[in-house]
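K.L.:
Got a predicted structure here, sequence first:
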Amino acid sequence: MLDVIWRSVAIGIGATALMDIWAVFLHKAFAQPRPNWGPVGRWVWHLRSKIFHDDIGDAVPYRHEVALGWAFHYFVGIVYGIILVVLAGTAWLTQPTFLPAFVLGIVTVGAGWFLLAPGMGAGWAASKRPNPMQIRALNLVAHTVFALGLYGTALLIR
């Protein structure tokens, strides 16, 4: 059982790390802004009292919000790694296939579109941003990269 848990956690960490490497690539190759986990940390900090903000930038800052945002980012990746193993079954760990990882990766876009984005004031699926379709496309690609990370990490540690 402990083996299943550590591998599930490792799969989530590996997938999240690959997603971060992808973000660095986009920044260097296409001048895309790097992810800023500070506002996410601020949002997490304020979850105790409020889920949806008009603009997370207007919320009272938290001194450690960048660190909290990064920790939350990896925590969510780990949770998704565990969910994948629970849904696909422990046999998936010995013979990983891409399809379950891809389905989960795409489904998890919903958490960003329907909880995180509106929670931070960006609207449903970033509808209040000036470029919502670009954001949505980049989200789908990033979560596909995350799925590749789930699958690839599972292959590496099987």
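P.N.:
Yep, it's here.
K.L.:
Secondary structure class of Ile11, three-state.
P.N.:
helix (DSSP: H, G, I helix; E, B strand; the rest coil).
K.L.:
what's around it, how many residues?
P.N.:
30 (other CB atoms under 10 Å). Backbone N, C-alpha and C define where each C-beta goes, glycine included.
K.L.:
didn't Gly14 look like it was pressed against Gly152?
P.N.:
Yes. Contact criterion CB atoms under 8 Å: Gly14 and Gly152 qualify, at 7.0 Å.
K.L.:
Please identify which of the two sits among more neighbours.
P.N.:
Gly14 (22 against 18).
K.L.:
List the contacts of that one.
P.N.:
Gly149, Leu150, Gly152, Thr153, Leu156, Ile157 (CB atoms under 8 Å, 6 or more residues apart in numbering).
K.L.:
Now, of those residues, which are buried?
P.N.:
Using 16 or more other CB atoms under 10 Å as the burial test, the contacts of Gly14 include Gly149, Leu150, Gly152, Thr153 as buried.
K.L.:
thought the first one was touching Asp20?
P.N.:
Right, the one you point to is Gly149. No. Using CB under 8 Å, Gly149 is not in contact with Asp20; the gap is 9.5 Å.
K.L.:
before we move on, back to that, which member of the buried ones among the contacts of Gly14 is positioned nearest Leu138?
P.N.:
Gly149 (16.1 Å; CB to CB).
K.L.:
Would you mind giving the secondary structure of that closest one?
P.N.:
helix.
K.L.:
Tell me, what's the model's pLDDT at it?
P.N.:
Gly149 carries a pLDDT score of 98 in this model.
K.L.:
and Leu2, how many neighbours?
P.N.:
6.
K.L.:
and if you look at the one 5 residues further on?
P.N.:
Residue crowding around Arg7 was assessed by other CB under 10 Å; the count is 20.
K.L.:
just checking, it touches Leu84?
P.N.:
No. Using CB under 8 Å as the test, Arg7 is too far from Leu84 to be in contact (10.6 Å).
K.L.:
what helices or strands is whatever helix or strand Ile78 lives in leaning on?
P.N.:
Per DSSP states H and E: Ile78 is located in helix 65-88. Judged by 3 or more CB pairs under 8 Å, 6 or more residues apart in numbering; DSSP states H and E, the packing partners of helix 65-88 are helix 2-30, helix 38-46, helix 98-107, helix 132-157.
K.L.:
count of neighbours near Gln134?
P.N.:
Counted with other CB under 10 Å, Gln134 comes out at 12.
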